[in-house]
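> Quick one: sequence plus predicted model below, questions after.
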Number of protein chains: 2
Amino acid sequence: MRLSRYFLPVLRDVPKEAEIVSHRLMLRAGMIRQQASGLYSWLPLGYKVLMKVQKIIEEEQNRSGAIELLMPTIQSADLWRESGRYEAYGKEMLRIEDRHEREFLYGPTNEEMVTDIFRAYVKSYKDLPLNLYHIQWKFRDEVRPRFGTMRSREFLMKDAYSFDITKDDAVRAYHRMFVAYLRTYARMGLTAIPMQADTGPIGGDLSHEFIILADTGESAVFCHRDLIEKPIPPKDTDFRGDLSPIVDDWTSLYAATEEMVDKAAYESAVPEDKRVSARGIEVGHIFYFGTKYSAPMKATVTGPDGKDSPVHMGSYGVGLTRVVPAIIEASHDENGIIWPVSVAPFEAVLINLKAGDADTDAACEKVYAELQAAGIDVLYDDRDQPAGSKFATADLVGIPYQIILGPRGLKSGEVEIKHRKSGERETLPLSGGVDRLRSLVEPQRMDDI
Amino acid sequence: MRLSRYFLPVLRDVPKEAEIVSHRLMLRAGMIRQQASGLYSWLPLGYKVLMKVQKIIEEEQNRSGAIELLMPTIQSADLWRESGRYEAYGKEMLRIEDRHEREFLYGPTNEEMVTDIFRAYVKSYKDLPLNLYHIQWKFRDEVRPRFGTMRSREFLMKDAYSFDITKDDAVRAYHRMFVAYLRTYARMGLTAIPMQADTGPIGGDLSHEFIILADTGESAVFCHRDLIEKPIPPKDTDFRGDLSPIVDDWTSLYAATEEMVDKAAYESAVPEDKRVSARGIEVGHIFYFGTKYSAPMKATVTGPDGKDSPVHMGSYGVGLTRVVPAIIEASHDENGIIWPVSVAPFEAVLINLKAGDADTDAACEKVYAELQAAGIDVLYDDRDQPAGSKFATADLVGIPYQIILGPRGLKSGEVEIKHRKSGERETLPLSGGVDRLRSLVEPQRMDDI
């Protein structure tokens, strides 16, 4: 993509309304625009990151055996009356009347609707296990939306729903999601730690939050240091096999948020030199809630014994529009965002130090073509702008590698590569720049871990 | 994908409520489920088709130079008051009050919001041309939603918006979309004909509808036969060059829907042997509307002369949730859907005629692995079901190729390939089935035309 033809409205000033660093940086880097309180447009750079996050989530959901569909944003109130949540949900639910004065709502979550789909088609244990997920916009009418897309009213969520004949099977489904989540966050370059959680309004008796560590995180967390370095389950993990050893391994080490922590238990479970007290951000939440919805909604299946019983369910959420700022909270410096390669809007930015100079333009065009041919997702800063401004923009929007070419380098046959994260600079022969960049980028894509 | 682990709730009975063939087939093939009047879930098979349609649209929008972003579904009423459409839009607009009794609406289209984004960031003619598009759910509260997703209330639309300094430049932007649309529909296996259109509530003075020909189409169309066979502009079309010769070539031949046709003009413009009177379905609509929104909303840019003037705009829509049934209207038979390969939910289905038989299972597993390795998007019908039922399902859901293997074929070392569209069957040596299938599928992907 040529920057001269792109739409990247970078802001020079720090927006006053933004209280946290990710919100400030998303506004400054031209990723989002607030359209009304808690409602955001995702501008091209932000949208590209959001879609990279979505793709990773989809790949890992599919790998675990979950199946993607898409439910509508608007739901009928009657469906929610069946579960009893229509009245219970309160003012966070955006309630709507259509032209015929029928009652609807903008879905804040989809337990009821997916249960309705299930009961319409599935009658026998032979069709189980089943896990259906979608990635759809939701709405929660927060009293005071803030922190940008971290806590917006309209937000994009991946929500998966598992259906099983017994509690044991449901726990196996829960384990599959547990492992899929470990892989999902790791592929985004995040250190995410599963922590026992309160089940809250979804209900149920088994639940974990996935918390990523970030110095500017919203809440304090307490965990065993070994969780931070623990290798994630590999891509050839057998999701049809027994995953409980993996889950046990992760859950045997103490980890809790400040809401759930029991200081005495923490100190007795974790040796002093292994105690990590840090800050974190919730980026996912998984629940097993049994027959909480299937019983009132009569979603039953016939078992091997010929008897009908309500199906055991779980739900599994990731807020995509929350993950993006969470990545920024975990990875930035005073100059801007530092994207992990796997979710970066572009993997590299080619900086032309003297756009308009015929020789430099020609050399840059050649490198640009080579980078594209090498499969690098590259932004070409071909604008007629001072070098300093180009460097500042590249740093601010956080592209992992800068490849810098100007008249001086051209004369000596050299090109420079700057690593955004470390600040390290390499000077290379012009002919070797593309290969070097490829060798840097490819292992960090993490699409094959 | 193994069908035994998939979610494909095929219906045996023809649903009573469905009046048109695409609606009946989408319900029977387990593509969609109605959740309330005019509100549909896209079940896995349907969702997969919808996403293939989306990918083609995105590729062609990007090729033409348009840039993707994403605006929220909920918009503030105040924004629509600026253009004067908040009162004018009437009952089709779904109006919403939030918990603070502020007025919002579920966007039926995005001219106002995209104009707001534009005016916030773009100040100079130097940043033009610009075309921003998004693919987002919209809502129009139709009095009587019907025909399935062909006329649903919540629907998925691609809407692009062009911004230019002069009318001449805006017409060039219009031409780029015109050509992108020709390519988009052709890649979906559709014959789409641009026809001069009424500009309706969007306003403006230049507009075309893209109509696909289908015997069961909603309206009569009248056109010159040469339009039907006209080759589409190739992928290396220079979208930065002058596209008016292409547009003139297409628009010089007569084409009109029944609402717009002038019979005398039609008969004088088209020789008798070239007259085609057929039926069609609108699948896209493009508009140039000048300063209709930019003037009242004060979206101005500074020109080369230093003077500010309102930007010239156009908008360009494709209803994705409408395109899918339109493809079915254009391509089906008495047994079910016949998908063009480029939008098929799966390119091939491998039918195991005797699931449970060890030798047949082993042979099928081998072919399944080879098909996947060959990059074929394949569904493996591994269920323990009678062959007749498997054939009926394969025909109903419309997968372009069936590759059929059973104990008898295995004995003689043969596999059968059935072409869904022609009904043609080929018997091949077992070892040659995958290569043959690949040679059939690849040219029809049309990702390189």
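Okay, I see it. Numbering: from 1, shown residues only, chains lettered A, B, ... in the order given.
> which element is the spatially most central residue of chain A on?
Nearest to the mean C-alpha position of chain A, by CA atoms, centre = their mean, lies residue A:323 at 3.8 Å. Element membership of residue A:323, judged by DSSP states H and E, is helix A:320-330.
> on that earlier part again, distance of the residue nearest to the centre of chain A from chain B?
Separation of residue A:323 from chain B (CB to the nearest CB, to the nearest Å): 15 Å. (Each C-beta comes from the backbone N, C-alpha and C, glycine too.)
> OK, contacts around the closest residue in space to residue A:154 that isn't next to it in sequence?
In this structure, residue A:154 finds its nearest non-sequential neighbour in residue B:72, 4.8 Å apart by CB to CB, 6 or more residues apart in numbering or on different chains. Going by CB atoms under 8 Å, 6 or more residues apart in numbering or on different chains, residue B:72 touches A:35, A:39, A:40, A:41, A:137, A:154, B:107, B:136.
> in its sheet, what does the host helix or strand of the last one sit against?
Pointing back at residue B:136 there. Using DSSP H and E, residue B:136 falls within strand B:130-139. Here strand B:130-139 is paired, per DSSP bridges, with strand B:67-68 (parallel), strand B:154-164 (antiparallel).
> from these, which stretch is densest packed?
strand B:154-164 (a mean of 24; mean count of other CB atoms under 10 Å in any protein chain shown).
> Check which helices and strands the strand ranked longest in chain A sits against.
Secondary structure assigned by DSSP state E gives strand A:275-290 as the longest strand of chain A. For strand A:275-290, the elements it packs on are helix A:167-187, strand A:192-196, strand A:206-213, strand A:219-224, strand A:312-319, helix A:320-330, judged by 3 or more CB pairs under 8 Å, 6 or more residues apart in numbering or on different chains; DSSP states H and E.
> Is it possible to get JSON lines of the ones you listed that adds mean pLDDT?
Listed next are the helices and strands packed on strand A:275-290 as JSON lines, based on pLDDT from 0 to 100:
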{"stretch": "helix A:167-187", "mean pLDDT": "98"}
{"stretch": "strand A:192-196", "mean pLDDT": "93"}
{"stretch": "strand A:206-213", "mean pLDDT": "93"}
{"stretch": "strand A:219-224", "mean pLDDT": "94"}
{"stretch": "strand A:312-319", "mean pLDDT": "98"}
{"stretch": "helix A:320-330", "mean pLDDT": "97"}
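> want to try TSV for those, with distance to residue B:254 as columns?
Output for the helices and strands packed on strand A:275-290, formatted as TSV (distance: least, CB to CB, whole Å):
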stretch	distance to residue B:254
helix A:167-187	55
strand A:192-196	61
strand A:206-213	61
strand A:219-224	68
strand A:312-319	53
helix A:320-330	48
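> hey, where'd the helices end up in chain A?
With DSSP state H as the criterion, chain A has helices at A:21-28, A:44-63, A:77-83, A:85-88, A:111-121, A:167-187, A:226-229, A:244-251, A:263-269, A:320-330, A:358-373, A:387-397, A:407-412, A:433-441.
> Now render those as a markdown table, adding distance to residue B:228.
Shown next, in a markdown table, are the helices of chain A (distance: least, CB to CB, whole Å):
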| stretch | distance to residue B:228 |
| --- | --- |
| helix A:21-28 | 49 |
| helix A:44-63 | 36 |
| helix A:77-83 | 46 |
| helix A:85-88 | 52 |
| helix A:111-121 | 40 |
| helix A:167-187 | 47 |
| helix A:226-229 | 64 |
| helix A:244-251 | 59 |
| helix A:263-269 | 74 |
| helix A:320-330 | 43 |
| helix A:358-373 | 37 |
| helix A:387-397 | 47 |
| helix A:407-412 | 53 |
| helix A:433-441 | 46 |
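> Need the winner for burial among those helices.
Stretch with highest mean neighbour count among these: helix A:320-330 (a mean of 26; mean count of other CB under 10 Å).
> Quick one: name the residues of the stretch 151-300 of chain A near chain B.
Residues of the stretch 151-300 of chain A lying close to chain B by CB under 8 Å from any CB of the partner chain are A:153, A:154.
> For chain B, give me its nearest residue in the stretch 151-300 of chain A.
Using CB to the nearest CB, residue A:154 is the residue of the stretch 151-300 of chain A that sits closest to chain B, at 4.8 Å.
> Contacts only, for that residue.
A:38, A:39, A:40, A:137, A:138, A:139, B:72, B:73, B:74.
> wait, doesn't residue A:21 sit right on residue A:326?
No: in this structure residue A:21 lies outside contact range of residue A:326 using CB atoms under 8 Å: 11.4 Å.
> quick check: angle from the strand holding residue B:136 to helix B:167-187?
Orientation check (axes from the mean of the first three to the mean of the last three CA atoms, to 10 degrees): strand B:130-139 against helix B:167-187 gives 60 degrees.
> Check the offset of strand B:130-139 from the chain's centre.
Relative to the chain's own centre, strand B:130-139 is displaced by 14 Å; criterion: CA atoms, centre = their mean, to the nearest Å.
> Quick one: list the elements packing against the helix holding residue A:323.
The contact analysis (3+ CB pairs under 8 Å, 6+ apart) places helix A:320-330 against helix A:21-28, helix A:44-63, strand A:154-164, strand A:206-213, strand A:275-290.
> any chance of those in CSV, with distance to residue A:118 too?
Formatted as CSV, these follow (distance: least, CB to CB, whole Å):
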stretch, distance to residue A:118
helix A:21-28, 37
helix A:44-63, 17
strand A:154-164, 6
strand A:206-213, 20
strand A:275-290, 14
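> just to revisit the earlier point, put together CSV for the strands paired with strand B:130-139, with mean pLDDT on each row.
Listed next are the strands paired with strand B:130-139 as CSV, based on pLDDT from 0 to 100:
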stretch, mean pLDDT
strand B:67-68, 98
strand B:154-164, 98
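> Out of these, which gets nearest to residue B:312?
strand B:154-164 (4.7 Å; CB to CB).
> wait, what's in contact with the closest residue to residue A:339 other than its chain neighbours?
Once flanking residues are discounted, residue A:339 sits nearest to residue A:398: 4.5 Å by CB to CB, 6+ apart. Neighbour list for residue A:398: A:25, A:29, A:328, A:332, A:336, A:337, A:338, A:339, A:344, A:345, A:420 [criterion: CB under 8 Å, 6+ apart].
> Of these, which belong to strands?
Cross-referencing the contacts of residue A:398 against strands under DSSP E gives A:332, A:336, A:337.
> Now rank those residues by neighbours and give me the top one.
Of all the ones in strands among the contacts of residue A:398, the most densely surrounded is residue A:337 (26 neighbours; neighbours counted as other CB atoms under 10 Å in any protein chain shown).
> from memory the residue nearest to the centre of chain A sits against residue A:189, does it?
No: here residue A:323 does not reach residue A:189: they are 11.1 Å apart, not a contact under CB under 8 Å.
> for chain B, what are the nearby residues on the stretch 301-449 of chain A?
By CB under 8 Å from any CB, no part of the stretch 301-449 of chain A sits against chain B.
> Mind doing that once more with 10 Å?
Contact residues, the stretch 301-449 of chain A versus chain B (CB under 10 Å from any CB of the partner chain): residue A:384.
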